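Participant: With the sequence up front, the predicted model follows.
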Amino acid sequence: MSTFHFTPVEPHPLLKPFIAKMWVFESTGRLPEMDNKLIVPNGNFKLAFTSRNGLTAHVGDGTFIQRENELSLTGIVDTKVLLNPMEDQMTETIGVELNPLGAYRLFRLNYTDVSNRIGEMEDLLGNATKMLKVQMAEANTTQQKTRLLQSFLLRQLENATPDPVYDYCVNKIYYEKGLVNIKQLEKETGYTTRWLHKKFMEHLGTGPKNLAEIIKFKQVYEAYANKGNLKDHIYDYYYDQSHFLRVFKRMTGFNPTDLQNSLNELATRHYTS
């Protein structure tokens with residue numbers, strides 16, 4: 001039977017404000033067919049380098065194949081992602097999860113182009129990432145590869161320009177755990193809902209209301225993934241159970257009972273660790 005584990009990587013201090021977590025994922029092969037290889041939305045962008053073997057990802061109704069020694073960026077996702085190694089053999093992937101404050105400072109992109117999608121970084125940024133891919137492929141150890149990736153991100157950060165209004169709104173959404181009325185953001189910032197939505201689409205690829213929904217769902221799903229009782233958490237964030245079940249189905253593709261019976265390490269430790 002295949003085994004999976006995540007090894008955390010400590011981000012550089014200058015990158016910490018923008019990286020939710022960094023890890024190395026290793027597996028001995030594919031998961032059994034009956035297991036759900038599910039990655040649930042958590043509000044982060046995902047930068048991934050497949051240093052050994054490739055990956056096949058299904059994002060909503062789309063399919064993306066990332067071959068060995070490729071670098072990709074997954075945009076903000078509000079639907080299920082199913083993931084599996086391309087070949088039934090040893091797999092290693094280096095991952096960096098950028099929070100909503102991080103991606104726009106590091107990369108100048110049209111983020112709607114990668115919302116609910118996975119894009120190859122060479123296509124998105126060109127020659128800079130082409131050289132990085134070559135260097136990481138030629139590095140002898142995982143530690144060398146992660147250092148190269150962090151050095152690249154630090155160089156990207158040198159040209160970063162913060163957007164104080166956007167940052168304030170993102171921090172507010174996180175602080176309130178998604179329980180934010182967008183009119184409240186309008187009142188506190190002095191900018192209209194329409195202007196704020198445009199700013200979020202520019203920096204994030206989705207609107208503030210949708211980010212708040214993802215963060216709100218995250219609070220409940222973390223308890224669920226840790227085998228907690230859903231009924232102890234649902235009504236802290238949702239008016240009724242039927243509303244929550246609709247959101248749960250949209251975010252995971254399953255109802256809670258069916259998913260609980262097929263959760264595995266990939267679907268839980270990636271989310272909660």
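Facilitator: Received it, and whenever you're ready, just let me know what you need.
Participant: In terms of pLDDT, where does the spatially most central residue of the chain sit?
Facilitator: The centroid of the chain falls nearest to N44 when counting by C-alpha atoms, centre = their mean (3.5 Å). With respect to pLDDT, N44 scores 96.
Participant: what residue ranges in this structure are flagged as low confidence?
Facilitator: Along the chain, the model assigns pLDDT under 70 to residues 1, 31-36, 228, 261-273.
Participant: where do the strands sit along it?
Facilitator: For the chain, the strands defined by DSSP state E occupy 4-8, 19-27, 38-39, 45-52, 55-59, 62-66, 71-74, 81-85, 91-98, 118-120.
Participant: just these: most buried one?
Facilitator: Of those, the one with the most neighbours on average (mean count of other C-beta atoms under 10 Å) is strand 71-74, at a mean of 24. The way it works is simple: take the backbone N, C-alpha and C, and place the C-beta from them, glycine included.
Participant: Give the pairing partners of that one; include direction for each.
Facilitator: Sheet pairing here is set by DSSP bridges, and for strand 71-74 it gives strand 45-52 (antiparallel), strand 118-120 (antiparallel).
Participant: distance of G119 from V96?
Facilitator: Using C-beta to C-beta, to the nearest Å, one gets 15 Å for the distance from G119 to V96.
Participant: Let me fix that, I meant to ask about Y174.
Facilitator: For Y174 relative to V96 (C-beta to C-beta), the value is 19 Å.
Participant: try Y238
Facilitator: On the measure of C-beta to C-beta, Y238 and V96 end up 31 Å apart.
Participant: what do you get for E186?
Facilitator: Distance from E186 to V96, by C-beta to C-beta: 33 Å.
Participant: same check, this time on L109
Facilitator: Relative to V96, and taking C-beta to C-beta, L109 is found at 15 Å.
Participant: wait, what's in contact with the closest residue to T146 other than its chain neighbours?
Facilitator: Closest residue to T146 apart from its sequence neighbours, by C-beta to C-beta, 6 or more residues apart in numbering: V9 at 5.5 Å. By C-beta atoms under 8 Å, 6 or more residues apart in numbering, the residues touching V9 are M22, W23, V24, I94, T146.
Participant: how much space between V9 and Q135?
Facilitator: The spacing between V9 and Q135, counted by C-beta to C-beta, is 17 Å.
Participant: go on, Y238?
Facilitator: Distance of Y238 to Q135, given as C-beta to C-beta: 47 Å.
Participant: More neighbours: which of the two?
Facilitator: Y238 (18 against 15; other C-beta atoms under 10 Å).
Participant: show me what contacts that one?
Facilitator: Applying C-beta under 8 Å, 6+ apart, the residues near Y238 are K216, V220, F244, V247.
Participant: Quick check: phi and psi on the residue with the largest distance to the centre of the chain?
Facilitator: Distance from the C-alpha centroid of the chain, by C-alpha atoms, centre = their mean, peaks at G190 (30.0 Å). With angles defined as degrees, to the nearest 10, G190 sits at phi 80, psi 10.
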